[in-house]
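1. Give me coordinates for this.
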Amino acid sequence: MRRSEILAGVLLLTLLSTSCKRSGSSEPITIRVLRDPVFAADLVKTNLEFAQSKPHLGDQSLVLANKDDVPYWDVNQRLTGFKPHVFIFNSQDSVPDDPAIRSALGYPMLVCGVHTAFIPTSTVGGDREAAEIYVRFLISHCPAVEVRQAPPASEPEQADAHRPPCLTAQCQKIKKYLKDHYCGESPFGNGPDDGCDYKEPIRSGAKLTVSFHCDWNEATAKSSCRQLGQPLPQQREMLLRELRHVGLPARGGKDVTFSAVESSSGWLLMSADYDHVDRADAHICQVVVAVDPNGREQVLRSVRMKKTNSDVPEVTLWSPHDIADVDEDGKPEFVLKGDAYEDHWLEVVKIQGNSAKTIFSGLGYYL
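-> The predicted structure follows:
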């Protein structure tokens, strides 16, 4: 056989091998979603937007496989039969109280304003990362809707999505840490019996380096904010870039305020808030970003541009509070203050690989 033929054969085999590897790695990841059809219509537009955003994990695209299944008379059977990566209930009241089932479901997350979503603990690896991408998309893109009840329905007791039941020993450990370090008077306001007012946080190994303070200006009938400290230029540009992704106007930089908590280990917890008031309307968007000691960024929270009433804003925002090893696993977690109209609570976020997971939400107070 001539040398040129041998080289041609080797080249062909190499190309075929490369092609096989690429085709194997580009197989899509299917996210299995189990949900109540009573509210399935709420997700149609958002699911379409999710598909149009061309979601991917690494070089693998993400696709949805939705299944509507009612009634949820046997959650364990649904978990083992359909094996959903994401399990969405109509509301918190639809979730069984059985501790074993709640443990299997994992941590509750609020989507579309009222529906309670879970990524079951059986969802692991790439499937879990893909499921987290989808749920984060629902949280930031699905508009708030009213809870729809499937007949027959009785009037449900109001669920507190920001303070889900804390049933595990790990959750109780985190809760104790938060109460010891950040809670003052308890109970406080009209909050739950185990809620609390905030106090000046007891930070160990972290400090607030950038903040802002706002006062009401009677002359202009507007809130006037002044910046206390500034992020570094590259940090500022990064935060503004992320704000642009959620709708910051081209000339909106003057209405942006910044906050930052920095740990002695080099981690940063930063936020950028855009709040522009035009008469009775407020235009608001926000990002909260964690930055590791090597400069890698992870968006923890994002609020797309929203127009709302300036006196009674219908929007949830977060502010950096602390960086601490809250669950005692030797790695830092990020403590946020959640704020909605007359409702305030604490959240703990953990970074796992390339995704962020909320591992606690609760305490605080409401009026």
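2. Name the helix or strand of this structure that has the lowest mean pLDDT.
-> helix 3-25 (a mean of 44; mean pLDDT, DSSP states H and E).
3. Following the chain past that helix, name the next helix or strand.
-> As assigned by DSSP states H and E, the chain's next helix or strand after helix 3-25 is strand 29-35.
4. How about residues contacting that next one?
-> Counting by Cβ atoms under 8 Å, 6 or more residues apart in numbering, strand 29-35 makes contact with 43, 57, 60-69, 78, 82-88, 126-127, 130-131, 134, all of which sit outside it. For glycine as for every other residue, the C-beta is placed from the backbone atoms N, C-alpha and C.
5. Now do the buried residues in that strand.
-> Under the neighbour-count criterion of 16 or more other Cβ atoms under 10 Å, strand 29-35 has 29, 31-35 buried.
6. Present the residues you listed as JSON lines; the columns should include pLDDT and distance to Q352.
-> Shown next, in JSON lines, are the buried residues of strand 29-35 (pLDDT from 0 to 100; distance: Cβ to Cβ, whole Å):
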{"residue": "I29", "pLDDT": "93", "distance to Q352": "17"}
{"residue": "I31", "pLDDT": "94", "distance to Q352": "18"}
{"residue": "R32", "pLDDT": "93", "distance to Q352": "21"}
{"residue": "V33", "pLDDT": "92", "distance to Q352": "21"}
{"residue": "L34", "pLDDT": "89", "distance to Q352": "23"}
{"residue": "R35", "pLDDT": "83", "distance to Q352": "25"}
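7. and these as a markdown table, adding distance to T358?
-> Formatted as a markdown table, those follow (distance: Cβ to Cβ, whole Å):
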| residue | distance to T358 |
| --- | --- |
| I29 | 22 |
| I31 | 19 |
| R32 | 22 |
| V33 | 19 |
| L34 | 21 |
| R35 | 20 |
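8. and those, which two are the farthest apart?
-> The widest separation within the buried residues of strand 29-35, taken as Cβ to Cβ, falls between I29 and R35 and amounts to 18.6 Å.
9. ok, back up a step: ChimeraX command for the buried members of the contacts of strand 29-35?
-> Here is the ChimeraX command that picks out the buried ones among the contacts of strand 29-35, judged by 16+ other Cβ under 10 Å:
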select :43,57,61,62,64,66,78,84,85,86,87,88,127,130,131,134
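10. So, low pLDDT: which residues of this protein?
-> 1-25, 69-74, 145-159, 216-223 (pLDDT under 70).
11. how many neighbours does R244 have?
-> As a burial measure, R244 scores 16 neighbours (other Cβ atoms under 10 Å).
12. From P320, how far out is it?
-> Taking Cβ to Cβ, to the nearest Å as the measure, R244 falls 20 Å from P320.
13. And for A161?
-> Per Cβ to Cβ, A161 is found 22 Å from P320.
14. what about these two, which has more around it?
-> For A161 versus P320, neighbours defined as other Cβ under 10 Å are more numerous around P320 (27 against 18).
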